[in-house]
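Sequence plus the predicted model coming up.
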Amino acid sequence: MRKVDPLAADTLTNIFRTSPKDPLRIINREGTTIEFKESYSHGSMAQYFKTIASFANNAGGYIIFGVGDSPRRLLGLKDKNLQQFEELKVEEFTKNLCDYFSPEIKWDHCTFEFKDLSFGVIYTFPLRKKPCICKKVYEAQNTKYSLKEGDIYYRYGGRSERIHYEELNAIMEDARKSEEAQWLSFIKNASKIGIENACLLDLDTGVISGKGGSIVIDNELLSKIAFIKEGEFVEKKGKPALRLIGDIEEVGTGKIIVKESTKKVVKAIEPTDIINAFLKGTKVDEPLEYLRAICSASSANYPFYFLLQQAACTIEDATEMINENTSRGITKKRLLERLQGKRVPILNVSMSQTDASAKKRKYREEWLEENVRTDANEYGYCLSALMSLKGEEVAQHEKYIRNKLQKLYSEFYETAKANDATTMRKAICRVDELLYFDE
């Protein structure tokens, strides 16, 4: 299964879904994994710690800065707020967090650009070894942000508060089961080589103990030993090797190790970006991220076969990837149907004498003559005529069709009637299928 990046563009775009009627009103509400803040301030750093610890003790979660309250509207961070977030010192933030909580909490952050606004995002990873416990008192002017030594905080819906018995008991039970599973795995691996041949290596002290007694590996030699997986070869000759059954994992030391901080900016992938990339023939940096972004759109009618070609991705792999996407709306279902072969139907232009049929015939000829002239009133007829073209006709006039569609999209799409907007998306999908879908 694909490891999901919590700060990937498609993941954040899905969180930032907005109302079709009000493009600045965010649909998502605060909950178990999301908290909104209108602004960010370094001086309020400790006030964010209770939420971060609560997320860590549950399933992880996001603090999103730049979203207004009642109603939830996209405001973005501006001026000093934005500058402070972008200059957030990772080492300082991590040190302060570790001063208040143990064990260490893993987190990441980015600036997210969406609808020409900038938002601050802090993501907290769920702890592998829970719970995280407060070890220092913090008295805030607003008591809901205060911290008490010995408290364990947990995320309940849209609230961060002291953990209840039921959730604490569940954490303790999970820890017991995890330790039990590790022991069983250890015993199973040891049994493969026989208990008489097994010994234990303490990676901290270098002591190997077993049936025949104990030996000590010098620290300098310990760092030079090559551990190899069973069935693999030693690549560097002359280097001592021990056969490994199972896996070696990094052992935490309790020390804070922070890499050099860098400004991370993630740009949202919006439906308009997908259409423009197709019509302009742009080679995008991460085509599969664009495909995932369709799951967050209001419709599945966006071009994607050109993305599969750019990514050298098969239909089967793309289907598996979309199935793993956390989106649950009808768009995901429709996208999977298209991946499984459902095509945008060809529209036959009737030879009847009606006014509509005559207009479609006229526009069909204009597409083939590369001389399309239309306005907002006949936009729909023009696109319907395009959808009647065959594969070889589209291929022959590809450059003109892309350029003309780009012009029509930029001029009419935003103000088009719902039916005409749908026809535009379907026409673009039809061209994408004819050019890139290999039956």
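Received the coordinates, thanks.

mind checking pLDDT for residue 328?
Per-residue confidence (pLDDT) for residue 328: 69.

Kindly report the same for residue 187.
So, for residue 187, pLDDT stands at 81.

Confirm it sits in a helix?
Yes: secondary structure of residue 187, determined by DSSP: H, G, I helix; E, B strand; the rest coil: located in a helix.

and it, how many residues sit next to it?
Using other C-beta atoms under 10 Å, the number of residues around residue 187 comes to 11. C-beta here means a position set from N, CA and C on the backbone, and glycine is covered the same way.

Relative to residue 319, how far out is the nearest residue to residue 315 once chain neighbours are set aside?
In this structure, residue 315 finds its nearest non-sequential neighbour in residue 339, 5.9 Å apart by C-beta to C-beta, 6 or more residues apart in numbering. Distance of residue 339 to residue 319, given as C-beta to C-beta, to the nearest Å: 5 Å.

what's the answer for residue 326, then?
From residue 326 to residue 319 the distance is 16 Å (C-beta to C-beta).

Show me the shaky parts of the stretch 101-250 of the chain.
Applying pLDDT under 70 to the stretch 101-250 of the chain flags the ranges 195, 203-204, 206, 211-250.

which residues of it fall in strands?
Assigned by DSSP state E, counting those that start in this stretch, the strands in the stretch 101-250 of the chain fall at 101-102, 107-114, 117-124, 133-134, 153-156, 159-162, 199-201, 207-210, 213-216, 226-229, 241-244.

Could you check stretch 312-320 and say which residues are buried?
By 16 or more other C-beta atoms under 10 Å, the buried positions in stretch 312-320 come out as residue 318.

Over to stretch 401-408?
Within stretch 401-408, the residues that count as buried by 16+ other C-beta under 10 Å are 401-402, 404-406, 408.

any chance of those residues in TSV, with secondary structure too?
What follows is those, written out as TSV (three-state DSSP):
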residue	secondary structure
401	helix
402	helix
404	helix
405	helix
406	helix
408	helix
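
Would you map the strands across the stretch 251-400 of the chain?
For the stretch 251-400 of the chain, applying DSSP E, counting those that start in this stretch gives strands covering 265-267.

Relative to residue 431, which of the strands of the stretch 101-250 of the chain is closest?
strand 107-114 (27.9 Å; C-beta to C-beta).

Can you list the helices and strands that the closest one packs against?
Under the contact criterion of 3 or more C-beta pairs under 8 Å, 6 or more residues apart in numbering; DSSP states H and E, strand 107-114 touches helix 9-15, helix 79-86, helix 90-100, strand 117-124, strand 265-267.

would JSON lines of those with distance to residue 413 be doable?
Listed next are the helices and strands packed on strand 107-114 as JSON lines, based on distance: least, C-beta to C-beta, whole Å:
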{"stretch": "helix 9-15", "distance to residue 413": "19"}
{"stretch": "helix 79-86", "distance to residue 413": "31"}
{"stretch": "helix 90-100", "distance to residue 413": "41"}
{"stretch": "strand 117-124", "distance to residue 413": "22"}
{"stretch": "strand 265-267", "distance to residue 413": "21"}
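
quick revisit: roughly how far does the residue nearest to residue 315 sit from residue 78?
Taking C-beta to C-beta as the measure, residue 339 falls 40 Å from residue 78.

Neighbour count for the two, which is higher?
residue 339 (20 against 12).

just checking, the more buried one touches residue 317?
No: with contact defined as C-beta atoms under 8 Å, residue 339 does not count as touching residue 317 (10.3 Å).

give me every residue that touches the residue nearest to residue 315.
Residue 339 makes contacts with 315, 318-319, 322, as judged by C-beta atoms under 8 Å, 6 or more residues apart in numbering.

Over to residue 266?
Contacts for residue 266 were tallied using C-beta under 8 Å, 6+ apart; they are 7-9, 12, 110-113, 121.

That one pairs with what?
Residue 266 has these beta-bridge partners by DSSP bridges: residue 112.

Leaving out the residues flanking it, which one is nearest to residue 32?
Spatial nearest neighbour of residue 32, chain neighbours left out: residue 155 (5.3 Å); criterion: C-beta to C-beta, 6+ apart.

OK, contacts around that neighbour?
32-33, 51, 54-55, 57-59, 61.

Name whatever forms a beta bridge with it.
Bridge pairing for residue 155 - DSSP bridges - gives residue 160.

Could you report the separation of it from residue 126?
For residue 155, the distance to residue 126 - C-beta to C-beta - is 10 Å.

repeat for residue 94
For residue 94, the distance to residue 126 (C-beta to C-beta) stands at 17 Å.

Looking at those two, which one has more neighbours?
Higher neighbour count among residue 94 and residue 126: residue 94, with 18 against 15, using other C-beta under 10 Å.

thought residue 366 was touching residue 373?
Yes: counting by C-beta under 8 Å, residue 366 touches residue 373, with 6.9 Å between them.

The two - which one has more neighbours?
Neighbours per residue, other C-beta under 10 Å: of residue 366 and residue 373, the larger number sits with residue 366, 17 against 9.

what's the nearest residue to that one if we skip its chain neighbours?
Closest residue to residue 366 apart from its sequence neighbours, by C-beta to C-beta, 6+ apart: residue 372 at 4.5 Å.

who touches that neighbour in this structure?
363, 366, 382, 404.

Also residue 267?
Residue 267 touches 9, 112-113, counting by C-beta under 8 Å, 6+ apart.

I'd like these written out as a markdown table, with neighbour count and distance to residue 19 added.
Output for the contacts of residue 267, formatted as a markdown table (neighbours: other C-beta atoms under 10 Å; distance: C-beta to C-beta, whole Å):
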| residue | neighbour count | distance to residue 19 |
| --- | --- | --- |
| 9 | 23 | 21 |
| 112 | 27 | 19 |
| 113 | 16 | 20 |
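
Tell me the one among the residues you listed nearest to residue 296.
Using C-beta to C-beta, the contacts of residue 267 come closest to residue 296 at residue 9, 10.0 Å.

quick one: that closest one from residue 24, how far?
19 Å.

What residue, apart from its backbone neighbours, is nearest residue 19 spatially?
residue 25 (4.5 Å).

That neighbour pairs with what?
Beta-bridge partners of residue 25, counted by DSSP bridges, are residue 73.

any idea how far the residue nearest to residue 366 is from residue 384?
For residue 372, the distance to residue 384 - C-beta to C-beta - is 13 Å.

which neighbours do those two share?
Common neighbours of residue 372 and residue 384 (C-beta under 8 Å, 6+ apart) are residue 363.

Quick one: residues contacting residue 429.
301-303, 338, 344.
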